[in-house]
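Participant: Got a sequence here, can you build the structure:
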Amino acid sequence: MNVASWHNVILKLWRGQYGLARTWWLFGVLGTALLNLVSGPLNALLAASTTEGISGAVLIVSAMIVAVIGVCYGIVVTVGTIRAANAYRGKRIWSWLAIIVTAVAWISAVTYVAL
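Facilitator: Predicted structure coming up:
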């Protein structure tokens, strides 16, 4: 995929144009799980190692880059989920559940970082 294709995917996701089910399951659940496969071990390694020297600096910068990517991705998926939920024409319970669970996930993430 080239840069223009990725830009189109992100823009379509941001606008909620993938539909609620695809936005929730593909980008929300699967995308976040894949991001956690990278960030989880990286954060564990950061917590378990000394951060002295050049390797420590590389580890810290790597963790910060992954964290920024994660937050940006989370914002795009959240906006896309809310927009897809608002456009959803099925049973309203599914759109409300998507919004509520997304909000709870953000509250949980912010609480985890704050503590």
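Participant: Next one: residue 95 from residue 106, what distance?
Facilitator: 17 Å (C-beta to C-beta, to the nearest Å). Bear in mind the C-beta positions are built from the backbone N, C-alpha and C, glycine included.
Participant: More neighbours: which of those two?
Facilitator: Higher neighbour count among residue 95 and residue 106: residue 95, with 20 against 13, using other C-beta atoms under 10 Å.
Participant: And the host helix or strand of the more buried one, how far out from the chain middle?
Facilitator: Using DSSP states H and E, residue 95 sits within helix 92-114. Centroid displacement of helix 92-114 relative to its chain, using C-alpha atoms, centre = their mean, to the nearest Å, is 12 Å.
Participant: same thing with stretch 74-81?
Facilitator: 8 Å.
Participant: Can you name the residues in contact with that stretch?
Facilitator: 10, 13-16, 18, 20, 23-24, 27-28, 31-32, 98-99, 102, 106, 109 (C-beta atoms under 8 Å, 6 or more residues apart in numbering).
Participant: what comes up buried for it?
Facilitator: 74, 76, 77, 78, 80, 81 (16 or more other C-beta atoms under 10 Å).
Participant: which one of those residues sits closest to residue 63?
Facilitator: Among the buried residues of stretch 74-81, residue 74 lies closest to residue 63 (C-beta to C-beta), at 16.1 Å.
Participant: Now do that closest one, the pLDDT please.
Facilitator: pLDDT recorded at residue 74 is 95.
Participant: what angle do the helix or strand containing it and helix 92-114 make?
Facilitator: For residue 74, the element it lies in under DSSP H and E is helix 53-87. Interaxial angle, helix 53-87 versus helix 92-114 (axes from the mean of the first three to the mean of the last three C-alpha atoms, to 10 degrees): 160 degrees.
Participant: Could you check helix 53-87 and say which residues are buried?
Facilitator: 59, 63, 66, 70, 73-74, 76-78, 80-85.
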